[in-house]
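Participant: Any chance you can model this:
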Amino acid sequence: MGIMEDFGFFLSRTFASTKAVNRTWPYVPGKYFVLDPRSPVAVTTLGSTDLASEVAGAAPKGLCIVGKVETENIGIEKIIKNILSNPAIRYLVCAGEEPPKHLSGATLLALFKNGMDSARRIPGSPGVRPMLPNTTFEEVRALRRQIEPVDMIGCTDIALIAARVEELSPRAPEPAVVFHPSQGLDTQETAPHVVATAPSPDRIKLDKAGYFVINIEDRTILLEHYDYKNRLLHVIEGKDARSIYWTIIENGWVTQLSHAAYLGKELAKAELSIKIGFKYVQDGA
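Facilitator: Numbering: from 1, shown residues only. Reported below is the predicted structural model:
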């Protein structure tokens with residue numbers, strides 16, 4: 001396997017579990033393409049989601065990592081954590097089309113220019129909510145020292161982006177002083193990692209509003225709503241999961257959160273079976 005495939009396998013193995021682990025790089029999991037973690041250029045394709053894979057496919061020399069960022073808050077925070085945990089990265093190219101309203105590219109440039117204010121807001125950002133609640137001031141200062149931003153916002157030409165990466169790479173300074181994201185956590189606590197568990201099926205609490213039987217007929221989802229004397233109370237039909245579960249909620253036909261979650265899962269599976277064509281079989285709770 002090449003470096004890119006090696007890192008893909010590493011990420012799937014490391015982040016398949018929610019146990020707290022000593023994560024290496026990329027520090028925060030996401031939909032990224034890692035080519036060479038020792039290279040100095042990172043690229044974000046902003047709201048152009050398909051462009052990230054295309055730039056990765058071009059594999060320009062000097063490209064470390066490429067991925068989209070569609071939000072001007074959480075998405076940017078992930079970029080900060082991953083860049084700071086790899087001191088080899090010295091440039092961040094902002095390319096691709098801006099996501100409407102969020103304007104993550106302009107927000108990134110504002111962050112490099114203005115930093116973060118006392119309310120953890122990025123001054124000068126045109127985004128709807130340019131807030132970094134999970135980022136410390138030390139991290140922002142370290143990012144601005146480490147990285148030179150490169151404005152290619154609006155450019156979706158793969159050849160031009162690749163050429164810019166190859167132009168920047170030989171000019172890169174030496175790797176920055178290592179700043180691990182955990183160094184800056186003076187104003188916040190690290191969010192706990194919880195291993196997901198579920199009770200055994202024989203311990204499920206029944207919903208007093210009744211139960212549902214889900215069927216597919218003529219590309220339509222049909223729900224039969226029964227009480228615990230097996231009397232049919234309602235028949236609900238719809239073409240998509242969302243309209244059905246909102247009908248159930250609005251009428252008060254579900255009262256347990258676990259039951260609502262179960263119905264959402266099953267209805268999504270039923271809708272997918274219609275779209276893709278596999279046979280739908282309702283799971284037990």
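Participant: quick one: contacts for the nearest residue to H102 once chain neighbours are set aside?
Facilitator: Nearest non-adjacent residue to H102, counting by CB to CB, 6 or more residues apart in numbering: E72, 4.8 Å away. Backbone N, C-alpha and C define where each C-beta goes, glycine included. For E72, the contact set (CB atoms under 8 Å, 6 or more residues apart in numbering) comprises H102, L103, S104, T107, I122, S125, G127, V128, R129, P130.
Participant: If we go by neighbour counts, what in stretch 138-148 is buried?
Facilitator: E138, E139, V140, A142, L143, R144, Q146, I147 (16 or more other CB atoms under 10 Å).
Participant: likewise stretch 255-264?
Facilitator: Neighbour-count burial for stretch 255-264 flags H259, Y262, L263, G264 (criterion: 16+ other CB under 10 Å).
Participant: Do a quick rundown of the helices in the stretch 1-150 of the chain.
Facilitator: With DSSP state H, counting those that start in this stretch applied, the stretch 1-150 of the chain shows helices at 3-14, 49-58, 74-84, 104-114, 137-146, listed in chain order.
Participant: how about the ones you listed, which one is nearest K205?
Facilitator: Evaluated over the helices of the stretch 1-150 of the chain, closeness to K205 peaks at helix 74-84, with 33.7 Å, by CB to CB.
Participant: between the closest one and helix 137-146, how big is the angle?
Facilitator: Going by axes from the mean of the first three to the mean of the last three CA atoms, to 10 degrees, helix 74-84 is angled at 60 degrees with respect to helix 137-146.
Participant: Same list, the buried residues of stretch 255-264, but as a markdown table with secondary structure please.
Facilitator: Formatted as a markdown table, these follow (DSSP: H, G, I helix; E, B strand; the rest coil):
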| residue | secondary structure |
| --- | --- |
| H259 | helix |
| Y262 | helix |
| L263 | helix |
| G264 | helix |
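Participant: And these, which is closest to L223?
Facilitator: Taking CB to CB as the measure, L223 sits nearest to L263 out of the buried residues of stretch 255-264, at 8.5 Å.
Participant: Surely that closest one and Y245 touch.
Facilitator: Yes - under the criterion of CB atoms under 8 Å, L263 makes contact with Y245 at 6.0 Å.
Participant: do you know how far S273 is from Y226?
Facilitator: Noted for S273: a distance of 22 Å to Y226, by CB to CB, to the nearest Å.
Participant: Equivalent analysis for L111, please.
Facilitator: Separation of L111 from Y226 (CB to CB): 55 Å.
Participant: ok so, going back, check what pLDDT the residue nearest to H102 gets.
Facilitator: What the model reports for E72 is a pLDDT of 95.
Participant: Would you mind measuring from it to R144?
Facilitator: 17 Å.
Participant: Enumerate every residue touching S104.
Facilitator: Listed by CB under 8 Å, 6+ apart, the contact set of S104 reads T44, L46, G47, V69, E70, T71, E72, G75, I76, E98, G127.
Participant: Quick one: the residues you listed as a markdown table, columns for distance to L160 too.
Facilitator: Formatted as a markdown table, the contacts of S104 follow (distance: CB to CB, whole Å):
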| residue | distance to L160 |
| --- | --- |
| T44 | 15 |
| L46 | 15 |
| G47 | 18 |
| V69 | 19 |
| E70 | 22 |
| T71 | 25 |
| E72 | 25 |
| G75 | 23 |
| I76 | 24 |
| E98 | 17 |
| G127 | 25 |
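Participant: Looking at the helices of the stretch 1-150 of the chain, which is nearest to N230?
Facilitator: Across those, N230 has its closest neighbour in helix 3-14 (44.4 Å, CB to CB).
Participant: Not counting sequence-adjacent ones, nearest residue to G154?
Facilitator: Ranked by CB to CB, 6+ apart and with sequence neighbours excluded, the top spatial neighbour of G154 is E97, at 6.5 Å.
Participant: next one: P26
Facilitator: Setting aside the residues directly before and after it, P26 is nearest to N82 in space (CB to CB, 6+ apart), at 4.7 Å.
Participant: repeat for M116
Facilitator: Using CB to CB, 6+ apart, the closest residue to M116 is V140 (4.8 Å).
Participant: That neighbour touches K113, doesn't it?
Facilitator: No - using CB under 8 Å as the test, V140 is too far from K113 to be in contact (11.8 Å).
Participant: Would you check how far apart E70 and I76 are?
Facilitator: From E70 to I76 the distance is 10 Å (CB to CB).
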